[in-house]
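Asker: quick one, structure for this:
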Amino acid sequence: MLHLHLHKRMKRATEPYPAQSSLKRLLDTVVYAAGIIGPIMALPQVLLVYVGQDATGLSPITWFGWAVLDIPWIIYGLVHKEPPIMITYTLWMIINLLVAVGAVIYG
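Answerer: Reported below is the predicted structural model:
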C-alpha cells in the first residue's frame, strides 16, 4: 500500500524525460538496453529448441509459468504508462511462450 500512496504523490510532480541529471539519463539508457538485451540473450535457447528440435530437460510448466508471470508486469506498465516495463515484459513473454511451446512440441 505504501507504494501506491508514494506513486500518487510522485504523479503530481513527475520528473522530465529525458532526465536532467546525467546519472539518471545513463540509468534510463541502461534500463532500456537491459530490457531489450535480456530477451535477445534468451534467443539461443529458442534456437536450440526449434533448430535442433530438441527440448530435452526443459519444463513447459516452468516456461509457461514465466510467461504467465509476465502478464501482471505488462498490465502494470500499461496502467502506469511505463514503456520500459511494457516493452521488456512483452519481449520476455514472447520468448517464454516460444520456449514453452517448443518444450511441448519437442520435449
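Asker: low-confidence ranges, the protein, go.
Answerer: Per-residue confidence of the chain (counting by pLDDT under 70) places the weak regions at 1-15, 17.
Asker: mind checking the longest helix of it?
Answerer: In the chain, ranked by residue count with DSSP state H as the criterion, the top helix is helix 83-106.
Asker: got the buried residues for it?
Answerer: Residues of helix 83-106 classed as buried by neighbour count (16 or more other Cβ atoms under 10 Å): 85-93, 95-103. Bear in mind the C-beta positions are built from the backbone N, C-alpha and C, glycine included.
Asker: contacting residues around stretch 40-53?
Answerer: When contacts are defined by Cβ atoms under 8 Å, 6 or more residues apart in numbering, stretch 40-53 is touched by residues Asp54, Ala55, Leu58, Trp92, Ile95, Leu98, Val99, Gly102, Ala103, Tyr106.
Asker: contact partners for the second one?
Answerer: Residues touching Ala55, when contacts are defined by Cβ under 8 Å, 6+ apart, comprise Val49, Val99, Gly102, Ala103, Val104, Ile105, Tyr106, Gly107.
Asker: for those residues, which one is nearest Gly38?
Answerer: Val99 (14.0 Å; Cβ to Cβ).
Asker: didn't the closest one look like it was pressed against Leu58?
Answerer: Yes. Val99 sits in contact with Leu58 when judged by Cβ atoms under 8 Å, with a separation of 6.6 Å.
Asker: mind listing what Lys81 touches?
Answerer: Taking Cβ under 8 Å, 6+ apart, we find Lys81 in contact with no residue.
Asker: distance of it from Asn96?
Answerer: For Lys81, the distance to Asn96 equals 24 Å [Cβ to Cβ, to the nearest Å].
Asker: could you check how far the residue most central in space within the chain is from Pro44?
Answerer: Compute the mean C-alpha point of the chain, and by Cα atoms, centre = their mean the closest residue is Tyr89, 2.4 Å away. In this structure, Tyr89 lies at 20 Å from Pro44, with Cβ to Cβ as the measure.
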